[in-house]
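S.K.: how would this look folded up:
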Amino acid sequence: MVAEVVSTRPQVVRYRLDPKAKWSDGKPLGWRDFAARWQALNGSDKRFAAADTSGCPQMSDVARGADDQEVTVAFAAPFADWQRLFDPLLPASLNATPESFATAWPGLAGQRAGQAPHQGRLANSPTRRAG
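M.R.: This is a model prediction of the structure:
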C-alpha cells in the first residue's frame, strides 16, 4: 500500500492498494474495507465497542478514488498521526455490524493484512507527500 498526503487544506490522504492484493477468502482489498473501518470507529454508532478510535472521528469522508483500489480520506481538521490509521486493516465484512466487529477482533490480536486468516498482499510501505 502506498499512502500520501495530497492536500493539506483540507488534509486529504490518498491510499493506493496493490490491485493483486486479496483477502484469504479471495476478495480483493478495496476502498470499502477502509470505509467500513471508518464507519465502525468514527463514534457515530456506540454499539461498536472500540478500544481506540484515534483519527476516525476527525475524518470527514472516506471515498472511492479513481478505482476500487484507490481510497481518499479527508479530514475535518489536520491529523498528524495519519500514517498509523487503518492498521490493522480488516475486510469490510468484519466491520459491517457491531456483532461481526466484536467477534473478529479477539482472534486477530497482533495480525496485519498479509497474515492469516485474512491474507492480503500489500504493494509497499507508506510514503508521504505534502501538497
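S.K.: every contact and neighbour count from this point should use C-alpha atoms.
M.R.: OK.
S.K.: list the neighbouring strands of the helix or strand containing Val13 plus their orientation.
M.R.: Using DSSP states H and E, Val13 sits in strand 11-16. Looking at strand 11-16 with DSSP bridges, its partner strands are strand 2-8 (antiparallel), strand 70-75 (antiparallel).
S.K.: not counting its own residues, what contacts it?
M.R.: 1-7, 65, 69-79 (C-alpha atoms under 8 Å, 6 or more residues apart in numbering).
S.K.: between strand 11-16 and the next helix or strand after that strand, find me the angle.
M.R.: The C-terminal neighbour of strand 11-16 among helices and strands, as given by DSSP H and E, is helix 31-41. Relative orientation of helix 31-41 versus strand 11-16 (axes from the mean of the first three to the mean of the last three C-alpha atoms, to 10 degrees): 140 degrees.
S.K.: return the alpha-carbon coordinates of helix 31-41 using PDB.
M.R.: Extracted in PDB, the C-alpha atoms of helix 31-41 (Å, rounded to 0.1, in the frame of the first residue of the first chain):
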ATOM      1  CA  TRP A  31     -11.900   1.200  -0.600                       C
ATOM      2  CA  ARG A  32     -14.900  -0.500   1.000                       C
ATOM      3  CA  ASP A  33     -12.600  -2.100   3.600                       C
ATOM      4  CA  PHE A  34     -11.400   1.400   4.600                       C
ATOM      5  CA  ALA A  35     -14.900   2.900   4.600                       C
ATOM      6  CA  ALA A  36     -16.200   0.100   6.800                       C
ATOM      7  CA  ARG A  37     -13.400   0.600   9.300                       C
ATOM      8  CA  TRP A  38     -14.100   4.300   9.400                       C
ATOM      9  CA  GLN A  39     -17.800   3.800   9.900                       C
ATOM     10  CA  ALA A  40     -17.200   1.300  12.700                       C
ATOM     11  CA  LEU A  41     -14.700   3.600  14.500                       C
END
